[in-house]
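>>> Pasting a predicted model and its sequence here:
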Amino acid sequence: MAHDVFISHSSKDKIAADAICHALERNGVKCWIAPRDVRPGVEYAEELMNGVENCKIFLLIFSKDSNDSGPVAKEVESAFRYGKTVIPFRIEDVAMRKSLEYYLSNLHWLDAFPDDKEFDSLVRAVKNSLGISSTPSPEAAPAPVPEYPQQNAPVQAPAKKPSKGLIIGIAGAIITIVVAALVMTLLTVLDNNSSNGGNRSGGAVVDSDIVGVWDLIDCTVFERADGSFYDPWGDEQPTVEFKNDGTFSLTNISEPYSGTYAISGNKITFIALGDVWTSEFTISRNTLTFVTDYNGVEFTEVFERVR
């Protein structure tokens, strides 16, 4: 399927990647993102290579995790080999490692932090590069937004001699949150503990009903700009374990991770990988349901208790 943008990212940045993908597709930009667009039964590395080769713009979501990712470095190398327009979009302020600096040091960057949570500058830059009008529809026209400075325009990457390596990549989601927002959100959850029946354990607010091991059995899908739908988890079947000490772990995915959680009423706040997000949840017998708003899109996950 033809697409405008290949989104390169670490799977630990899955939430950010999905939100950026939705923001672009909501504005008429077709995206290729793993694992969503990896076809069943096709070699993963081959699909990534095809995705890069057939895109018009290579979008790198740059963070601490993508900076440390070998697969992401190989995707960047392939983008330059195919002579793609490369737009680095920085969601964390970290120094580039040398393998990326070799390709990206001369490019102009776009930054998401500290306050571009709607990815406006990125959407404008991508649409301008594709020759798509950025003028909003009359009925929903927001306040005028000044044009992004010319120094931040994407630069066409020069073609390089092909190498012999294949990309072995994996994808996923997380955007940097302002430190003050992290602190305020967590304090709000903790302060509401006494009025919502939670229990404190090691400084976290927990609920004994949620403690245990849960397997994903179903999830709703995001609606794309063209009206089609997709499953952000793809073929992965994650397992989440909640512990009494206010920690959780997510396994059975390409890059497992863990963090802390706190509960206030029917809301659960997760803190992991430098990010914080809140979901509504319900527990019915052996079923746990999360409803989360990702950049204005409601996403539901249903888990079944294993033990």
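On my side now, so go ahead.
>>> Contacts only, for residue 241.
By CB atoms under 8 Å, 6 or more residues apart in numbering, the residues touching residue 241 are 212, 213, 214, 248, 249, 251. C-beta here means a position set from N, CA and C on the backbone, and glycine is covered the same way.
>>> Oh, that last question was meant for residue 243, not what I typed.
Going by CB under 8 Å, 6+ apart, residue 243 touches residue 211.
>>> Quick check: phi and psi on it?
When read as degrees, to the nearest 10, the backbone of residue 243 gives phi -110, psi 160.
>>> Throw the contacts of residue 241 into TSV and include neighbour count and pLDDT, thanks.
TSV is the format used below for those (neighbours: other CB atoms under 10 Å; pLDDT from 0 to 100):
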residue	neighbour count	pLDDT
212	16	94
213	16	95
214	24	94
248	23	92
249	15	93
251	12	91
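>>> Please list the members of the residues you listed that lie in strands.
Per DSSP state E, strands hold the following members of the contacts of residue 241: 212, 213, 214, 248, 249, 251.
>>> and the gap between the last one and residue 15?
Remark: distance between residue 251 and residue 15 (CB to CB, to the nearest Å) = 18 Å.
>>> just checking, residue 255 touches residue 12?
Yes - Residue 255 lies in contact with residue 12 (CB atoms under 8 Å); the separation is 5.8 Å.
>>> between the two, which one's more packed in?
Higher neighbour count among residue 255 and residue 12: residue 12, with 27 against 15, using other CB atoms under 10 Å.
>>> On the three-state scheme, that one is what?
In three-state terms, and counting by DSSP: H, G, I helix; E, B strand; the rest coil, residue 12 is helix.
>>> Please name the nearest non-neighbouring residue to it.
Of all residues beyond its chain neighbours, the one nearest residue 12 is residue 65 (4.1 Å), with distances taken as CB to CB, 6 or more residues apart in numbering.
>>> which element is that neighbour on?
Applying DSSP states H and E as the criterion places residue 65 in helix 64-67.
>>> Helix or strand next in line after that helix, which one?
Where DSSP H and E defines the elements, the next helix or strand beyond helix 64-67 is helix 70-81.
>>> Against which helices or strands is that following helix packed?
Helices and strands touching helix 70-81, as assessed by 3 or more CB pairs under 8 Å, 6 or more residues apart in numbering; DSSP states H and E, comprise strand 5-8, helix 44-53, strand 57-62, strand 85-90, helix 98-104.
>>> Between these, which one is closest to residue 272.
Residue 272 lies closest to strand 57-62 among the helices and strands packed on helix 70-81, at 17.2 Å (CB to CB).
>>> Direction-wise, compare that closest one with strand 85-90 and give the angle.
Angle between the axes of strand 57-62 and strand 85-90 is 20 degrees (criterion: axes from the mean of the first three to the mean of the last three CA atoms, to 10 degrees).
>>> Identify the residues contacting strand 57-62?
4-10, 13, 16-17, 20, 52, 66, 72, 75-76, 79, 84-92, 94, 96, 104, 109, 122, 126, 129-130, 154, 157.
>>> thinking again about what came up before, so which of the helices and strands packed on helix 70-81 is the most surrounded?
Ranked by mean neighbour count, the helices and strands packed on helix 70-81 are led by strand 5-8 with a mean of 28 (mean count of other CB atoms under 10 Å).
>>> Tell me the strands beside that one, with direction?
With DSSP bridges as the test, strand 5-8 is paired with strand 31-32 (parallel), strand 57-62 (parallel).
>>> Adding distance to residue 241 and mean pLDDT, write those out as CSV.
Formatted as CSV, these follow (distance: least, CB to CB, whole Å; pLDDT from 0 to 100):
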stretch, distance to residue 241, mean pLDDT
strand 31-32, 32, 95
strand 57-62, 28, 94
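>>> Same list (these) but as JSON lines, adding distance to residue 307.
Below are the strands paired with strand 5-8 laid out as JSON lines (distance: least, CB to CB, whole Å):
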{"stretch": "strand 31-32", "distance to residue 307": "38"}
{"stretch": "strand 57-62", "distance to residue 307": "36"}
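>>> Now do the buried residues in stretch 7-27.
Within stretch 7-27, the residues that count as buried by 16 or more other CB atoms under 10 Å are 7-25, 27.
>>> hmm, I was thinking of stretch 107-126
By neighbour count on 16+ other CB under 10 Å, the buried set for stretch 107-126 is 107, 110-112, 116-117, 119, 121-126.
>>> Give me the distance between the two termini of that stretch.
Using CA to CA, to the nearest Å, one end of stretch 107-126 lies 15 Å from the other.
>>> Could you do stretch 247-266 as well?
For stretch 247-266, the first-to-last residue distance is 18 Å (CA to CA).
>>> in that stretch, what's buried?
247, 248, 250, 253, 254, 257, 259, 260, 261, 262, 263, 264.
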